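K.L.:
Show me how the following folds:
(one chain, ligands or ions: 1)
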Amino acid sequence: MAKAVLDISMSLDGFIAGPNISAQHPLGEGGLHLHDWFFGAKTPTDESIMQQHIASTGAVILGGRTYRDAINDEWGGATPFHTHAFVLTHASPKVVVDGFTFVTDGIESALRQAAAVAGDKSVWMMGGANVLQQYLNAGLVDEIQLHIAPLLLGGGTRLFDNLDTLSASLETTRVIETPAATHVRYRVLKQQE
Ligand SMILES: NC(=O)c1ccc[n+]([C@@H]2O[C@H](COP(=O)([O-])OP(=O)(O)OC[C@H]3O[C@@H](n4cnc5c(N)ncnc54)[C@H](OP(=O)(O)O)[C@@H]3O)[C@@H](O)[C@H]2O)c1
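P.N.:
All right, here's what the predicted structure looks like:
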């Protein structure tokens, strides 16, 4: 089955979005700077990390809130992904555009459908925090890649919240530093390892 890779940008103090998320501020106030490493201050190394990520991704999973807050404004009514994306939601949203499938029967179903599309590439679990926490607690994440922005948001949405006790042991497989971000990659060890 395709590898499930949680890949997300996070502030040094652990937030993947700033406070007061809205259509105007889909990443919350100040949260846009989480992505400076691939939009603004990127170096050739950051660019190459992003290109590797794109090349290895065969499908995307995201949460209903991330979709709703970004689709019209930040994403201009079209998918920003080069592959098909699966949105976890309890009800089909008002805005439905090509490139997305809306999954209402749970995280396992979304992963199964995404893996079928991804083939021998990876499934990118892109967020937000709510869906990623569910996948971590269910033991369905194979790798974690964090892009730690040199930024203290001070508030907002924490990535590592609501986790079960010892939800995962990790093996560090790569650390790359640039002035724009520290990129760390971990393999999630399964319980018997
Ligand atoms: N830093 C980054 O790189 C990055 C990446 C991605 C997202 N983000 C940010 O993260 C923030 C949103 O994160 P979030 O944690 O608040 O929300 P989220 O994970 O994007 O979405 C949560 C929503 O997904 C739906 N959902 C979750 N689990 C479900 C399940 N098992 N079955 C059916 N539906 C389910 C529910 O919405 P319904 O109401 O639709 O049912 C739930 O309210 C946004 O600001 C976004 O921009 C940041």
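K.L.:
Buried residues in the helix or strand of the chain with the lowest mean pLDDT, which are they?
P.N.:
Of all helical and strand segments in the chain, the minimum by mean pLDDT, DSSP states H and E falls on helix 36-39, at a mean of 91. Buried residues in helix 36-39, defined by neighbour count with 16 or more other Cβ atoms under 10 Å: Asp36, Trp37, Phe38. To be clear about C-beta, it is placed using only N, CA and C from the backbone, and glycine gets the same treatment.
K.L.:
how about a markdown table for these, with distance to Ala55 added?
P.N.:
What follows is the buried residues of helix 36-39, written out as a markdown table (distance: Cβ to Cβ, whole Å):
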| residue | distance to Ala55 |
| --- | --- |
| Asp36 | 22 |
| Trp37 | 18 |
| Phe38 | 14 |
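K.L.:
ok, which of these also contact the ligand?
P.N.:
Residues of those in contact with the ligand (Cβ under 6 Å from any ligand atom): none.
K.L.:
what packs against the least confident helix or strand of the chain?
P.N.:
Helix 36-39 sits against helix 44-56, strand 143-149, with contacts defined as 3 or more Cβ pairs under 8 Å, 6 or more residues apart in numbering; DSSP states H and E.
K.L.:
try 10 Å this time
P.N.:
strand 4-11, helix 44-56, strand 143-149 (3 or more Cβ pairs under 10 Å, 6 or more residues apart in numbering; DSSP states H and E).
K.L.:
Give me the neighbour count for Ser22.
P.N.:
Ser22: 10 surrounding residues under other Cβ atoms under 10 Å.
K.L.:
and it, what does it touch?
P.N.:
Gly28, Glu29, Asp69, Asp73 (Cβ atoms under 10 Å, 6 or more residues apart in numbering).
K.L.:
how about 7 Å then?
P.N.:
Contacts for Ser22 (Cβ atoms under 7 Å, 6 or more residues apart in numbering) come out as Asp69.
K.L.:
Where does it fall, secondary structure wise?
P.N.:
Secondary-structure assignment from DSSP states H and E places Ser22 in no helical or strand segment.
K.L.:
so what pLDDT did it get?
P.N.:
The per-residue pLDDT reported for Ser22 equals 88.
K.L.:
ok, Gly28 - how many residues close by?
P.N.:
21.
K.L.:
Okay, strands next: where are they in the chain?
P.N.:
With DSSP state E, the ranges of strands along the chain come out as 4-11, 15-17, 57-63, 85-88, 100-103, 122-127, 143-149, 157-158, 169-177, 182-189.
K.L.:
ok, Lys155 touching Asn20?
P.N.:
Rather than Lys, residue 155 is Gly. No. If you go by Cβ atoms under 7 Å, Gly155 and Asn20 don't touch, sitting 9.0 Å apart.
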